[in-house]
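Engineer: Give the three-dimensional model of this entry:
(2 chains)
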Amino acid sequence: MNWSGLDISILGPAFLAGLLVLSTHVPLGREVLRRGIIFLDLAVAQIAGLGVIIAYNLGWEFGSWQIQIIAMSAALAGAGFLYWCEKRWTDIQEAIIGCVFVLAACAGILVLSSNPHGGEELKVLLAGQILWVGYAQLIPMAMVSVLVLALWFGLRTKRHPLLFYGLFAVAVTSSVQLVGVYLVFASLIIPALAVRRLTTKALQYGFITGAVGYGLGLSLSALMDWPSGATIVLALVLPGIVVASLVSK
Amino acid sequence: MRTFRRLLAACLLVVALPSQAALQIFACEPEWASLSEELGGEKVKIYSATTAKQDVHSIQARPSLIARMRKADLVICTGAELEAGWLPLLLQRASNRKVQPGQPGYFMAAEQVERLDVPQVLDRSMGDIHSGGNPHIHLDPHRLQKIAKSLAQRLTQIDTTNKTYYQNRLNDFQTRWQIAIQRWQQQAEPLKGLTVVAHHKDWRYLLDWLGMQEVATLEPKPGLPPNPSHLAGLKKQMDKQRATMILRTGYQQARPSEWLSDKTGIPAVQLPYTVGGSNAASDLFGLFEDTLALMLKAINQ
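Structural biologist: Predicted structure coming up:
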């Protein structure tokens, strides 16, 4: 046991990053479940990652705004393509999403085969280092979240499927760089799954489920000295199961 | 519940104890933790961020890293960009003014000595090349001696009250180290002039000290994982000009070196690389003893 890590100034920024991720991912996750396209975020995140790698190989530096724009454009293009697939081949869309995921992942490996530094950066992009997040990085993240939420709930009456795909790409691209693809997937699916049967206040309970998971995971990672990202993913399951079983009663 | 309360009370007691006068040292790698131990003795309290089982080029973020960095009076790392993937982020998140670059509490071992293979031109196509030269400096005992001297000075600068203590520890260490170097160099005489294949350029300084030569690496370029065509090329190269052993660390994959060993009959040797990398390498002396013993055993097979 290690009590010194249990410090709000150490865990605080990571927890806030988690809350920001949850704010957009709980409503988007419910939509993902409704549409039955669970692996959409893996595919979109991987395409964003591929954009980053290609841009890096062309000579841009990590963390620059050019890379952000390229990652965002790649994710939007990928999401647009998957929306087109939904319309064109509804019955096999999930299979196409899966193929796009492995294609983008393997294309990334090929591009990186001559670039060792890119490999480390890609690992960070996918596995995430939520603990390194500082307050300064939370500001752009918060702005993106507010924008996504405003458009998502502002246009709720005339929601076009394309709006969902577009906002999804934006939300995933910005969150995946802070917390990594595993945490993004868990934040998207686990809370939404837990409150699936709720008809009222589903978003609120989903958000609380996720927040408890992040709090639990971060505390455990501090106490047991485990890597934070993976611990939070595992910890999210606990409130997820509790809430799901309470809801089904 | 009672046990829990007792446990909590015990924890609080530990926290509430007046922070001992001991100097808090944050070491990025076990070799620097061990050197700090040699020089600081009971006047310092050391935390090592990594173990011999980890590749220090990249590590996972844990809350305890930030907590320890925050409390540190002295951060001792290799530098030369070895920890470039995480040390700057950690320093920033810990925001401990005492250990920021430029402060006495920031000690980079590689900056104390001359490095080999400092590139003339930096080009990403060459692989994971560090602009500060090869950072794996701790396996040259002469450089280590120099670093020990600088570290003792730094300890004195930060903790002036124990000046004589550190000086005595340094003198004692230098004497023992000098004798050990003489012995090692005698032992290592049969290794002189031999050639090796290395997994990564981890052994640059060790080989330089022993008068040995690295003729190839399993990695096609530094930092890139070994691939089949490169390994096949190495096999051909070995058929023409046989090296005496294939070296790797404990944290590198065994398969590439075992494959080449299998195909060529050249022994594959796992060396401790740093303190804790084998049972015998429990401190810096043990590290060098065991490294030489393993290499000598390989050529006598």
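
Engineer: for chain B, which spans come out with low pLDDT?
Structural biologist: B:1-20, B:121-129 (pLDDT under 70).

Engineer: now the helices: where do they sit in it?
Structural biologist: B:2-16, B:30-40, B:63-71, B:87-94, B:141-158, B:163-187, B:204-210, B:228-240, B:255-264, B:284-299 (DSSP state H).

Engineer: phi, psi of the residue of the stretch 151-300 of chain B found nearest chain A?
Structural biologist: Closest residue of the stretch 151-300 of chain B to chain A, CB to the nearest CB: residue B:223 (3.0 Å). Every residue, glycine included, has its C-beta placed from N, CA and C. Main-chain torsions, residue B:223, degrees, to the nearest 10: phi 90, psi -10.

Engineer: Tell me which residue is most central in chain A.
Structural biologist: residue A:184 (2.6 Å; CA atoms, centre = their mean).

Engineer: Can you find the helix or strand of chain A with the lowest average pLDDT?
Structural biologist: Lowest on mean pLDDT, DSSP states H and E among the helices and strands of chain A sits helix A:116-127, with a mean of 64.

Engineer: Whichever helix or strand comes after that helix close to chain B?
Structural biologist: Next along the chain after helix A:116-127, taking DSSP states H and E as the criterion, comes helix A:135-154. No: judged by CB under 8 Å from any CB of the partner chain, helix A:135-154 stays clear of chain B, getting no closer than 9.6 Å.

Engineer: Quick check: what element follows helix A:135-154 along the chain?
Structural biologist: Downstream of helix A:135-154, the first helix or strand assigned by DSSP H and E is helix A:161-179.

Engineer: quick one: that following helix to chain centroid distance?
Structural biologist: Between the centre of helix A:161-179 and the centre of its chain there are 8 Å (CA atoms, centre = their mean, to the nearest Å).

Engineer: Let's see it as PDB, backbone CA atoms only.
Structural biologist: Provided in PDB are the C-alpha atoms of helix A:161-179 (Å, rounded to 0.1, in the frame of the first residue of the first chain):
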ATOM      1  CA  PRO A 161     -27.100  10.400 -38.600                       C
ATOM      2  CA  LEU A 162     -24.200  12.300 -40.100                       C
ATOM      3  CA  LEU A 163     -24.200  14.700 -37.100                       C
ATOM      4  CA  PHE A 164     -23.600  11.700 -34.900                       C
ATOM      5  CA  TYR A 165     -20.800  10.400 -37.000                       C
ATOM      6  CA  GLY A 166     -19.100  13.800 -37.200                       C
ATOM      7  CA  LEU A 167     -19.400  14.600 -33.500                       C
ATOM      8  CA  PHE A 168     -18.300  11.100 -32.600                       C
ATOM      9  CA  ALA A 169     -15.100  11.600 -34.700                       C
ATOM     10  CA  VAL A 170     -14.400  14.900 -33.000                       C
ATOM     11  CA  ALA A 171     -15.000  13.600 -29.500                       C
ATOM     12  CA  VAL A 172     -13.000  10.400 -29.900                       C
ATOM     13  CA  THR A 173     -10.000  12.100 -31.500                       C
ATOM     14  CA  SER A 174      -9.700  14.700 -28.700                       C
ATOM     15  CA  SER A 175     -10.200  12.200 -25.900                       C
ATOM     16  CA  VAL A 176      -8.100   9.400 -27.200                       C
ATOM     17  CA  GLN A 177      -5.000  11.600 -27.200                       C
ATOM     18  CA  LEU A 178      -5.400  12.300 -23.500                       C
ATOM     19  CA  VAL A 179      -6.600   8.900 -22.100                       C
END
